[in-house]
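okay, sequence plus prediction incoming.
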Amino acid sequence: MPRSRPYKVGLNERLKDPEHVASYLNAAGKESQDVFLLALRDVAEAHKISKVAMAAGVNRETLYRTLSARGNPTFTTLESILAAVGVELHYRARAKRKPPASGTASVTQSPSRST
């Protein structure tokens with residue numbers, strides 16, 4: 001029976017593939033900003049933090065701080081980090097929300113008019 005390996009080792013191997021990185025970050029981004037930043041940190045660690053920092057044009061300590069749960073990267077820094085790990089941002093229109101089902105009570109208040 002083959003020996004198992006630590007989860008982090010397997011994750012680091014998968015995070016070297018840009019397609020997997022994109023899926024991983026998309027899933028994390030749907031959770032929250034904090035989860036996204038921690039996932040991006042996993043990706044940066046898989047690609048070696050110092051190399052990502054250099055490619056992104058920030059120092060290593062700043063990159064660690066930026067990718068912490070309390071980090072707040074600028075858009076430019078975020079784009080630089082993503083480019084350094086081989087992915088880019090894409091935008092798409094949100095799916096239209098379905099109207100409430102006909103049996104569901106939906107109360108909408110119209111503004112009252114005073115005369």
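Thanks, I have the structure now.

quick one: low-confidence ranges for the chain?
For the chain, the stretches flagged by pLDDT under 70 are 1-2, 102-115.

and with 50 instead?
Residues of the chain meeting the criterion pLDDT under 50: 110, 113-115.

quick one, helices of it?
Ranges of helices within the chain are 7-14, 18-31, 33-46, 49-56, 60-66, 75-84, based on DSSP state H.

most tightly packed of these?
The highest average neighbour count among the helices of the chain, using mean count of other Cβ atoms under 10 Å, belongs to helix 33-46 at a mean of 19. From N, CA and C alone the C-beta is placed, and that goes for glycine too.

quick one: it to helix 18-31, angle?
Using axes from the mean of the first three to the mean of the last three Cα atoms, to 10 degrees, the direction of helix 33-46 lies 160 degrees away from that of helix 18-31.

so which of the helices of the chain is nearest residue 99?
Proximity to residue 99 (Cβ to Cβ) singles out helix 18-31 among these, at 23.5 Å.

now the angle from the closest one to helix 7-14?
Between helix 18-31 and helix 7-14, the angle comes out at 120 degrees (the same axes, to 10 degrees).

now do residue 14 against residue 46, distance only.
Applying Cβ to Cβ, to the nearest Å, the value for residue 14 to residue 46 is 8 Å.

let me fix that, I meant to ask about residue 64.
15 Å.

can you check residue 87 too?
Relative to residue 46, residue 87 is positioned 12 Å away (Cβ to Cβ).

residue 39 and residue 24 touch, don't they?
Yes: between residue 39 and residue 24 a contact is recorded at 5.9 Å, counting by Cβ atoms under 8 Å.

show me the contacts for the spatially closest residue to residue 73 that is not a sequence neighbour.
Nearest non-adjacent residue to residue 73, counting by Cβ to Cβ, 6 or more residues apart in numbering: residue 66, 4.6 Å away. By Cβ atoms under 8 Å, 6 or more residues apart in numbering, the residues touching residue 66 are 37, 58, 72-73, 77, 81.

quick check: nearest residue in space to residue 56, chain neighbours excluded?
Closest to residue 56 by Cβ to Cβ, 6+ apart is residue 80, at 3.9 Å.
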